[in-house]
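Engineer: Would you be able to build a 3D model of this:
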Amino acid sequence: MPLPLVLWDIDHTLIDTRGVGRNLSSSAFEEVTGQPMRKQAKIDGITEAVIFRETAKLHGLTTNRQDFERFAQALTDQHVQRAGELRERGHALPGAAAALDALAAAGVEQTVVTGNVLGVAEIKLAVFGLDTHILWSVGAYGEDADLRPDLVRLSLSRASITAEDAVLIGDTPADVEGGLKTGVRVIGVATGRSTADDLRAAGAPVVLADLTDTTGLVGLITALGRTR
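Structural biologist: Model prediction:
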């Protein structure tokens, strides 16, 4: 049987920006709205469009799609301009690079399903050398839809595959929900703020502590191909 397409989450699954991401969001928010970002809406597992809209509400602002598009461009520009800071302060999570390389060597195709907008996703992975094996054209991004299940469905459509032909890897209950609601198999990784118990409670059938067991991860993915 063909190997499944892997749908990676990015933040706290493959990388940790260690606070730089929030700083860049704050700068972009002020550029677009004219107000300092005094507080930010919940971000774990949430798409950038929703984060911007809900953060604006916390500041008494009502925004539209055009405002978000301006924010998305400003946020991408901030990541380009401050890529060095991101590289210096952030890092790829343990095992991430080896996992991507090993899956590619095993013939597994990989993309991302992320709340980040496309431009930011590209920069984040490129900064840490994690972009080599990513098929960007079949991924789904924060400007594409508000909810994770819709992003997963869009990625499946772009790849012209069914849910049985994919496996999602992520660190939040929202990632797990995105997979389960679309019939995509899920592997949770407890490398973010959600614990292994949180991910299991959300319904993840497999939860890893991290990505350091490269051989085990490749075995899991290839086994999923055989059990379809």
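
Engineer: Every contact and neighbour count from this point should use C-alpha atoms.
Structural biologist: Will do.

Engineer: Low-confidence bits of the protein, can you list those?
Structural biologist: Where the chain drops to pLDDT under 70, the residues are 1, 226-228.

Engineer: Sketch out the strands for it, chain order is fine.
Structural biologist: Counting by DSSP state E, the chain has strands at residues 5-8, 15-16, 91-92, 110-112, 166-170, 185-189, 206-208.

Engineer: Quick check: buried residues in the last one?
Structural biologist: Okay, so that is strand 206-208. Across strand 206-208, burial judged by 16 or more other CA atoms under 10 Å covers V207, L208.

Engineer: now that strand, how far from the centre of its chain.
Structural biologist: 17 Å (CA atoms, centre = their mean, to the nearest Å).

Engineer: name the helices or strands packed onto that strand?
Structural biologist: If contacts are counted by 3 or more CA pairs under 8 Å, 6 or more residues apart in numbering; DSSP states H and E, strand 206-208 sits against strand 185-189, helix 196-201.

Engineer: Now render the ones you listed as CSV, adding distance to L3.
Structural biologist: Conversion of these to CSV gives the following (distance: least, CA to CA, whole Å):
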stretch, distance to L3
strand 185-189, 13
helix 196-201, 24
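
Engineer: which one of these is the most hemmed in?
Structural biologist: Of all those, strand 185-189 carries the top mean neighbour count, a mean of 25, counting by mean count of other CA atoms under 10 Å.

Engineer: Distance from that strand to the middle of the chain?
Structural biologist: Distance, centroid of strand 185-189 to centroid of chain: 13 Å (CA atoms, centre = their mean).

Engineer: With stretch 105-117 instead?
Structural biologist: On CA atoms, centre = their mean, the centre of stretch 105-117 falls 9 Å from that of its chain.

Engineer: buried sites along that stretch?
Structural biologist: Under the neighbour-count rule (16+ other CA under 10 Å), stretch 105-117 has V108, E109, Q110, T111, V112, V113, T114, G115, N116, V117 buried.

Engineer: wait, which of the helices and strands packed on strand 206-208 is closest to L220?
Structural biologist: strand 185-189 (9.1 Å; CA to CA).

Engineer: For that closest one, name the packing helices and strands.
Structural biologist: Applying 3+ CA pairs under 8 Å, 6+ apart, we find strand 185-189 packed against strand 166-170, helix 173-180, helix 196-201, strand 206-208.

Engineer: In CSV: those, plus distance to R65.
Structural biologist: Output for the helices and strands packed on strand 185-189, formatted as CSV (distance: least, CA to CA, whole Å):
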stretch, distance to R65
strand 166-170, 27
helix 173-180, 23
helix 196-201, 32
strand 206-208, 36
